[in-house]
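Visitor: What would the 3D arrangement of this be:
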Amino acid sequence: QVQLVESGGGLVQAGGSLRLSCAASRRTFGGYAMGWFRQAPGKVREFVAAISWGGNSITYADSVKGRFIISRDNAKNTVYLQMNSLKPEDTAVYYCAATWSNNINYVPSSPTGFGSWGQGTQVTVSS
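Guide: I've put the predicted structure just below:
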């Protein structure tokens, strides 16, 4: 288990940008694939982006490709989600997730593929 704390959410106008951060508690961040999910009111939690613990494998949901960038800094035990060209439909609570794997390229995209979750941070995009 790893404790995750998200930050960086807020209110932004459409077309604007935000950068979310997720800090992990464990001393050893390597070995954990990391992901971002989001959940809007009345909707199921959906996949946004994920990155392998080696950083070489990355996957995005079609809805955010070309606008969002996931990255990680293993020295700082932190994963980031840079969100550009934000749209009102991006409004949701964003959750950071982690899962351990001995495969350096493992990058799940389903919520069931992750075992640890943060508390979430609210992102609101006004039109």
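Visitor: Mind giving me the packing neighbours of the one helix or strand residue 59 maps to?
Guide: Assigned by DSSP states H and E, residue 59 belongs to strand 58-60. In terms of contacts (3 or more C-beta pairs under 8 Å, 6 or more residues apart in numbering; DSSP states H and E), strand 58-60 is packed against strand 46-51, strand 68-73. For every residue, glycine as well, the C-beta is placed using N, CA and C.
Visitor: Which element is encountered next along the chain beyond the last one?
Guide: Which is strand 68-73. Immediately after strand 68-73, counting by DSSP H and E, sits strand 78-83.
Visitor: Now that following strand: average pLDDT?
Guide: In this model, strand 78-83 has an average pLDDT of 97.
Visitor: Output the contacting helices and strands for that strand.
Guide: strand 18-24, strand 32-39, strand 46-51, strand 68-73.
Visitor: Tell me which of those lies nearest to residue 98.
Guide: Comparing the helices and strands packed on strand 78-83 by their distance to residue 98 (C-beta to C-beta), the top pick is strand 32-39, with 4.6 Å.
Visitor: and the spatially most central residue of the chain, what is it in contact with?
Guide: Geometric centre of the chain, nearest residue: residue 36, 2.2 Å, by C-alpha atoms, centre = their mean. Neighbouring residues of residue 36 by C-beta atoms under 8 Å, 6 or more residues apart in numbering: 20, 22, 48, 49, 50, 70, 79, 81, 94, 95, 96, 97.
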